[in-house]
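Asker: Here's a sequence, model it:
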Amino acid sequence: MMFWYGDGMNGWGWFAMSAGMVLFWGLLITVAVMLFRSLDRAAERPRGFGPAASAEQILGERLARGEIDEEEYRRRLTALRSGGP
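Answerer: Alright, predicted model coming up:
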């Protein structure tokens, strides 16, 4: 029969149990924060400008939206293809 101090756990056992609990909760909180940040970054990314969108595609989209006129589109397209500034 075990009584109040009869379980045989000494100071090192309490320390190991406490350290294990702190590590467990730290790991759980870290995973939750990383998951939240990754989901938040995915929501911030614009849909049309992913890593696959090239400069020419972006320029074409700007022309289609009416942000630039055809003369400016041709001038910038020529500059992109020539590699100049």
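
Asker: where's the nearest residue to Ile68 once chain neighbours are set aside, which helix or strand?
Answerer: In this structure, Ile68 finds its nearest non-sequential neighbour in Arg62, 5.2 Å apart by Cβ to Cβ, 6 or more residues apart in numbering. C-beta here means a position set from N, CA and C on the backbone, and glycine is covered the same way. Here Arg62, judged by DSSP states H and E, is contained in helix 55-65.

Asker: Which positions within that helix qualify as buried?
Answerer: Using 16 or more other Cβ atoms under 10 Å as the test for burial, helix 55-65 gives Leu59, Leu63.

Asker: Quick check: next helix or strand after it?
Answerer: helix 70-82.

Asker: what's the offset of the helix or strand containing Trp14 from the middle of its chain?
Answerer: Assigned by DSSP H and E, Trp14 falls within helix 11-44. From the chain centre to the centre of helix 11-44 is a distance of 18 Å (Cα atoms, centre = their mean, to the nearest Å).

Asker: And stretch 59-76, by the same measure?
Answerer: 32 Å.

Asker: Using PDB, write out the CA atom coordinates for that stretch.
Answerer: Extracted in PDB, the C-alpha atoms of stretch 59-76 (Å, rounded to 0.1, in the frame of the first residue of the first chain):
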ATOM      1  CA  LEU A  59       2.900  42.900 -68.000                       C
ATOM      2  CA  GLY A  60       0.200  41.300 -70.100                       C
ATOM      3  CA  GLU A  61      -2.200  41.300 -67.100                       C
ATOM      4  CA  ARG A  62      -1.500  44.900 -66.400                       C
ATOM      5  CA  LEU A  63      -2.400  45.700 -70.100                       C
ATOM      6  CA  ALA A  64      -5.600  43.700 -69.700                       C
ATOM      7  CA  ARG A  65      -6.600  45.500 -66.600                       C
ATOM      8  CA  GLY A  66      -6.000  48.900 -68.300                       C
ATOM      9  CA  GLU A  67      -3.200  50.000 -66.000                       C
ATOM     10  CA  ILE A  68      -0.900  50.600 -69.000                       C
ATOM     11  CA  ASP A  69      -1.600  51.400 -72.600                       C
ATOM     12  CA  GLU A  70      -0.400  49.400 -75.600                       C
ATOM     13  CA  GLU A  71       2.500  51.700 -76.400                       C
ATOM     14  CA  GLU A  72       3.900  51.300 -72.900                       C
ATOM     15  CA  TYR A  73       3.300  47.600 -73.000                       C
ATOM     16  CA  ARG A  74       5.300  47.200 -76.200                       C
ATOM     17  CA  ARG A  75       8.100  49.500 -74.900                       C
ATOM     18  CA  ARG A  76       8.400  47.500 -71.600                       C
END
